[in-house]
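**Student:** Predicted model follows, preceded by the sequence.
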Amino acid sequence: MVDRQNREGVKFGGGGPASDAQQARARRERLRQLALETFDISKDPYLVRNHLGTLECKLCATVHVTEGSYMAHTQGKRHQMSLQRRAERDAKITGGVSRVPNAPRPLPKKSLKIGRPGYKVTKFWEDDQRGLEFELQFPDIEPGLQPRHSFMSAFEQKVEVPDKNFQYLIFAANPYETVAFKIPNHPLDKNPQKFSTNWNKETKTFTLRLLFKPLEH
């Protein structure tokens, strides 16, 4: 099991100046990474998971395959303008004051990182299912915060050459650096008895336990 730290600002390759398209892609990636560290996707009122397993933005009527793609969308111009129009419309209905036109929503300020959290990964089998348990220590987590986790496909990250056989499990909690674990790209068993998380406020320990669905023979 290999842990991979998100390394912001790392540039791969060399050559001449980046094209406009490359700069745009790099900007979208920076926004996606920032949203990943600071945005609690479970509290987004405009996010809908449809029956196909993809993510929909009710505000912009867009469809996204992964959480990372959706979070990058929320920091883009289209979503920001939709939020502004929605705020102005709501203000007219309630008689309040709308936001200043064309004023973009500021991104959350990033805190100074203090290093990686301590962790332990345990492999196990339960009946005919392979399982993993992640235990991470956050003794200096910011007051009132709880660690967050998300999954990322191999084709979303920019640190390694994408491998379709793997995916990444990501943990984030300020002021610690975001860390990711490379795990098999097998379907997860989402039964509450098979997939669980626990945040111990006393010991500042976050535990995530998962089981993969049995492999078909």
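**Tutor:** Received, thanks.

**Student:** from here on, contacts and neighbour counts on C-alpha atoms
**Tutor:** Will do.

**Student:** Now do the same for the closest residue to residue 142 other than its chain neighbours: helix, strand or coil?
**Tutor:** Nearest residue to residue 142 in three dimensions, chain neighbours excluded: residue 174, at 6.0 Å (Cα to Cα, 6 or more residues apart in numbering). Secondary structure, DSSP: H, G, I helix; E, B strand; the rest coil: residue 174 is coil.

**Student:** May I have stretch 174-185 as PDB, with CA atoms only?
**Tutor:** The C-alpha coordinates for stretch 174-185 follow below in PDB (Å, rounded to 0.1, in the frame of the first residue of the first chain):
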ATOM      1  CA  ASN A 174      -6.200  21.300   8.200                       C
ATOM      2  CA  PRO A 175      -3.500  22.100   9.000                       C
ATOM      3  CA  TYR A 176      -2.200  18.800   7.800                       C
ATOM      4  CA  GLU A 177      -1.100  18.100   4.200                       C
ATOM      5  CA  THR A 178      -3.600  16.100   2.200                       C
ATOM      6  CA  VAL A 179      -2.600  12.500   1.700                       C
ATOM      7  CA  ALA A 180      -3.700   9.800  -0.700                       C
ATOM      8  CA  PHE A 181      -3.500   6.000  -0.600                       C
ATOM      9  CA  LYS A 182      -3.400   4.000  -3.800                       C
ATOM     10  CA  ILE A 183      -5.900   1.100  -3.600                       C
ATOM     11  CA  PRO A 184      -7.300  -1.400  -6.100                       C
ATOM     12  CA  ASN A 185      -9.900  -0.100  -8.500                       C
END
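
**Student:** how long is stretch 192-204 end to end?
**Tutor:** One end of stretch 192-204 to the other measures 23 Å (Cα to Cα, to the nearest Å).

**Student:** Helices of the protein, start to end?
**Tutor:** 20-38, 67-74, 77-94 (DSSP state H).

**Student:** ok, back up a step: is it correct that the residue nearest to residue 142 is in contact with residue 143?
**Tutor:** No - applying Cα atoms under 8 Å as the test, residue 174 and residue 143 come out as separate, 9.6 Å apart.

**Student:** Contacts for stretch 189-207, please.
**Tutor:** Stretch 189-207 has contacts (Cα atoms under 8 Å, 6 or more residues apart in numbering) with 133-139, 141, 146-147, 208-213.

**Student:** and with 7 Å instead?
**Tutor:** Residues outside stretch 189-207 that contact it (Cα atoms under 7 Å, 6 or more residues apart in numbering) are 134-139, 147, 208-213.

**Student:** List only those of the residues you listed flagged as buried.
**Tutor:** Burial by neighbour count, 16 or more other Cα atoms under 10 Å: within the contacts of stretch 189-207 this picks out 134-138, 147, 208-213.

**Student:** hang on, the earlier thing: how near is the residue nearest to residue 142 to residue 162?
**Tutor:** For residue 174, the distance to residue 162 - Cα to Cα - is 27 Å.

**Student:** One more: residue 62?
**Tutor:** 25 Å.

**Student:** swap in residue 22?
**Tutor:** To residue 162, residue 22 is 19 Å away according to Cα to Cα.

**Student:** What of residue 134?
**Tutor:** On the measure of Cα to Cα, residue 134 and residue 162 end up 23 Å apart.
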